[in-house]
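Chemist: coords please:
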Amino acid sequence: MKTRFTAQFLALVILTFIGAVSTNAQGGKNQSKPDLSGSWLLDSKKSNSAGLTIKPDLPVKISHHDPEFRVTLSSELNGQTVERDFVYFTDGRGETNRATSFLTTEPRANAGDLQKQVTKSKTKWSGDKIVTRSQLRATIAGTFVEFEQVDEWKLSSDGKVLSQTSRIIFQQSNGHLRYQCRYRVDYRRN
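Modeler: Residues are numbered from 1 along each chain as shown. Got it, this is the predicted structure:
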């Protein structure tokens, strides 16, 4: 009788342990990701965005329903507010948007040139950050230049600050020149 009770007790302990391990493993896979949705304004005091043309009073709007991550940027063109939508997918399937960056040494280039360009990228989660990687190419002063743009979006633990960190990594086609610049933009809830 005592052996039977011990065997049943031991089986119950093992099943409980297996259930706990299984629950923890599933919980690790299904951790909720932050929702970055909202209307955000530039916090110029916290941002390292020298040279960027971001107006603090124009909001960045984000609609985030995973895997869709939609960013609406506002800017001014000839005194008018213009909104541009960018749609990303955090499941890594890839996306094509109107150009996110435009690089030229052509003095006659204008905003219309930007409208003709597209950027292909891939987006996915990296922990609690959304990371987008784009491979871009340009001919500058007769030299072919290839660069990668990496954008990371992260929400503060209190949900009040959204940080966008961008890196642009330049590399010449011969592979010898490598240059990286980084900037960070912080937004506060509108």
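
Chemist: Could you give the bridge partners of residue 150?
Modeler: Per DSSP bridges, the residues bridged to residue 150 are residue 133, residue 167.

Chemist: what ranges do the helices span in the protein?
Modeler: 2-29, 111-115 (DSSP state H).

Chemist: per-residue confidence averaged over the first one?
Modeler: Think helix 2-29. For helix 2-29, the mean per-residue pLDDT is 43.

Chemist: next one: stretch 38-58
Modeler: 74.

Chemist: can you check stretch 153-162 too?
Modeler: Mean predicted confidence for stretch 153-162 is 94.

Chemist: and what of stretch 126-144?
Modeler: 84.

Chemist: Tell me the buried residues in it?
Modeler: 129, 130, 131, 132, 134, 136, 138 (16 or more other C-beta atoms under 10 Å). Where you see a C-beta, it was placed from the backbone N, CA and C, and this is true even at glycine.

Chemist: how close does the first one sit to residue 58?
Modeler: Noted for residue 129: a distance of 24 Å to residue 58, by C-beta to C-beta, to the nearest Å.

Chemist: Next: the third one.
Modeler: If you measure residue 131 against residue 58 using C-beta to C-beta, the figure is 25 Å.

Chemist: cool, and the second one?
Modeler: As defined by C-beta to C-beta, residue 130 lies at a distance of 21 Å from residue 58.

Chemist: Check the fifth one too.
Modeler: Using C-beta to C-beta, residue 134 is found at 23 Å from residue 58.

Chemist: For stretch 88-103, give me every contacting residue.
Modeler: 33, 66-71, 84, 86-87, 109, 113-115, 117-125, 130, 132, 134, 136, 138, 140, 145, 147, 149, 168 (C-beta atoms under 8 Å, 6 or more residues apart in numbering).

Chemist: What of stretch 152-162?
Modeler: Against stretch 152-162 from outside (C-beta under 8 Å, 6+ apart): 34, 36, 38, 40, 43, 46, 62, 69, 126, 128-132, 163-166, 186-189.

Chemist: Give me the buried entries from those residues.
Modeler: Looks like these have 34, 36, 38, 40, 43, 62, 69, 129-132, 163-166, 186-187 buried, using 16+ other C-beta under 10 Å.

Chemist: Let me have stretch 75-87 in PDB, keeping just the CA atoms, if that works.
Modeler: What follows is stretch 75-87, C-alpha atoms only, in PDB (Å, rounded to 0.1, in the frame of the first residue of the first chain):
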ATOM      1  CA  SER A  75       6.300  67.200 -43.000                       C
ATOM      2  CA  GLU A  76       6.000  70.600 -44.600                       C
ATOM      3  CA  LEU A  77       6.300  71.200 -48.300                       C
ATOM      4  CA  ASN A  78       5.700  74.600 -49.700                       C
ATOM      5  CA  GLY A  79       3.900  75.700 -46.600                       C
ATOM      6  CA  GLN A  80       1.500  72.700 -46.700                       C
ATOM      7  CA  THR A  81       1.500  69.700 -44.300                       C
ATOM      8  CA  VAL A  82       2.100  66.500 -46.100                       C
ATOM      9  CA  GLU A  83       1.700  63.000 -44.700                       C
ATOM     10  CA  ARG A  84       3.500  59.900 -45.900                       C
ATOM     11  CA  ASP A  85       2.500  56.400 -44.900                       C
ATOM     12  CA  PHE A  86       5.000  53.600 -44.400                       C
ATOM     13  CA  VAL A  87       3.800  50.000 -43.800                       C
END
